[in-house]
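Student: quick one, fold the following:
(chains A, B, C and D)
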There are 2 protein chains.
Amino acid sequence: MDPKETILITAMKLFGQKGFEGTSVREIAKDAGVNLAMISYYFGSKENLFENVVEYKSSGIKGVFAELENSAIPQIEKIYKIIDSYIERMFSNPQFHHLLHRELSLDQRPQMHDAITEILLRNVVTIKAIIQKGIDTSQFKTVDTELTIATLIGTINHLLISEAMCRKLLHKSKDFNPFQSKKLKERLSEHLKQLMRSHLLKNSKPQKSKKNL
Amino acid sequence: MDPKETILITAMKLFGQKGFEGTSVREIAKDAGVNLAMISYYFGSKENLFENVVEYKSSGIKGVFAELENSAIPQIEKIYKIIDSYIERMFSNPQFHHLLHRELSLDQRPQMHDAITEILLRNVVTIKAIIQKGIDTSQFKTVDTELTIATLIGTINHLLISEAMCRKLLHKSKDFNPFQSKKLKERLSEHLKQLMRSHLLKNSKPQKSKKNL
DNA sequence: AAAAATTAATTAAACGTTTGTTTAATTTCA
DNA sequence: TGAAATTAAACAAACGTTTAATTAATTTTT
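Tutor: Predicted structure coming up:
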């Protein structure tokens, strides 16, 4: 395989697990099975490798909600799709999300903050427009759109902070692997949809789920 | 001042800003105005200093909700108090929260994960009991209590991840300091209370705020 | 209460490793 | 033959920690 890409993937894994300062270039080289000097040869410096990792991994994250904005379905259903899309994406690579959040919370490389916030907030404009349209067309109550978005993303994120905390919060045993649990994703989806129905819809009947089928 | 405490406070500040691996003991010593060897003398090792920092800073965080549990006020008002208490606490020391979350997301010192989750989830049992009692006494709808807690804490946390992202999410200019903004705390409090009203209360009329006074 | 003895606190210097990066030589491939 | 890729070795700097010597504070003895 392309050694450059191997380095990127390995670096992403180790930076995610151990942090930037906690990972040595020797470790990356060894794990990737390439010579130490190859990293400087391809990327110049450790910091530049890091920037390349972020760029490489984020290039796959597209603005998938743009088409949703002008779709004909009810606004609340667009919210449902956004919820499921976010859950899917964030659960599919928790380590990369750790890396991004960790970097944002550090004062070490502030020049990267803009790039990372851009990645994390890539779809916020679209979501905001969808909620606002819901309000304008009287489908939704008047809510704080920006903080509603914080609630959506923040709830998902809170479960992804660490496996240990997620397990403790949900009272699960050690053999429960939260980040790979399909059940948890479905439970989270249910919760967020119910939450957003109550929060956004004007005549929000407590729409019961599977229980009374 | 007591040099031991000076070291703890300085270490907490630098670990919060630059991470554990990103901070050298020489830096801590210099910033604290003590000799380098004093850190080993008092704390034995850098890692032990880190554990002492977490212990030192978290000893102040008490379970203030215990008394609330058996209070006579409506359950939803207990939720209000919890919301304001969490906002106040988390906004009062964002850096320490960064430190805790960062440590949890790392594989570096897993022996600390239990201690940190204990700190972060210290009041979860109480909150859960309050929501559950609300459900049992028919004040609240049937909700996912655990994920409701994730929503509460996760929403606040999402705004605290970084000043840069918070500003971008709220479309504020660079001179806006989110972590010290009283207005933002009030706005967040309003949002979460409205959210929890809709989510929890059975007959949730859109209870308007200041706007129509 | 003063002097001596003992413990604690503080210091500068050095320890051996590990760090990110570079060099210069070698191999690979077109 | 020549450019690109890969290697082992070396670089200086920074790292956490320890040492041994010195000063400060406390306790014990007279």
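
Student: let me see the contact set for the spatially most central residue of chain A.
Tutor: Nearest residue to the geometric centre of chain A (C-alpha atoms, centre = their mean): residue A:90, 3.5 Å. Residue A:90 makes contact with A:97, A:156, A:157, A:160, according to C-beta atoms under 8 Å, 6 or more residues apart in numbering or on different chains. (Each C-beta comes from the backbone N, C-alpha and C, glycine too.)

Student: and of these, the nearest to DNA strand C?
Tutor: residue A:97 (22.5 Å; C-beta to the nearest atom of the strand).

Student: the nearest residue to residue A:88 once chain neighbours are set aside in helix, strand or coil?
Tutor: Closest residue to residue A:88 apart from its sequence neighbours, by C-beta to C-beta, 6 or more residues apart in numbering or on different chains: residue A:185 at 7.5 Å. Assigned with DSSP: H, G, I helix; E, B strand; the rest coil, residue A:185 falls in the helix class.

Student: what is the neighbour count of residue A:185?
Tutor: 19 (other C-beta atoms under 10 Å in any protein chain shown).

Student: check residue A:186 too.
Tutor: Residues contacting residue A:186 under the criterion other C-beta under 10 Å number 12.

Student: cool, and the one 5 residues further on?
Tutor: Using other C-beta under 10 Å, residue A:191 is surrounded by 20 other residues.

Student: mind checking the SS state of it?
Tutor: Recorded secondary structure, residue A:191: helix (three-state DSSP).

Student: sorry, back to before: am I right that the residue nearest to the centre of chain A falls within a helix?
Tutor: Yes: under three-state DSSP, residue A:90 falls within a helix.

Student: secondary structure element holding the closest residue to residue A:99 other than its chain neighbours?
Tutor: Spatial nearest neighbour of residue A:99, chain neighbours left out: residue A:16 (4.7 Å); criterion: C-beta to C-beta, 6+ apart. In the assignment (DSSP states H and E), residue A:16 maps to helix A:3-18.

Student: what's the next secondary structure element after that helix?
Tutor: helix A:25-32.

Student: that following helix: how far from the chain's middle?
Tutor: 27 Å (C-alpha atoms, centre = their mean, to the nearest Å).

Student: average pLDDT for that helix?
Tutor: Mean per-residue pLDDT for helix A:25-32: 98.

Student: list the contacts of the helix or strand following it.
Tutor: Using DSSP H and E, the helix or strand that directly follows helix A:25-32 along the chain is helix A:36-43. For helix A:36-43, the external contacting residues (C-beta under 8 Å, 6+ apart) are A:3, A:4, A:7, A:25, A:26, A:28, A:29, A:46, A:49, A:52.

Student: please spell out the PyMOL selection for the buried subset of those.
Tutor: The PyMOL selection below is limited to those of the contacts of helix A:36-43 classed as buried (16 or more other C-beta atoms under 10 Å in any protein chain shown):
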select buried, chain A and resi 4+7+25+28+29+46+49+52
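
Student: distance of the residue nearest to residue A:99 relative to DNA strand D?
Tutor: Taking C-beta to the nearest atom of the strand, to the nearest Å as the measure, residue A:16 falls 22 Å from DNA strand D.

Student: that residue: how many residues sit nearby?
Tutor: 23.

Student: spit out the contact partners of it.
Tutor: By C-beta under 8 Å, 6+ apart, residue A:16 lies in contact with A:95, A:96, A:98, A:99.

Student: residue A:99 too?
Tutor: By C-beta under 8 Å, 6+ apart, the contact list for residue A:99 reads A:12, A:15, A:16, A:53, A:54.

Student: just residue A:192 next, same as before
Tutor: Here residue A:192 is in contact with A:83, A:87, A:152, A:155, A:156 (C-beta under 8 Å, 6+ apart).
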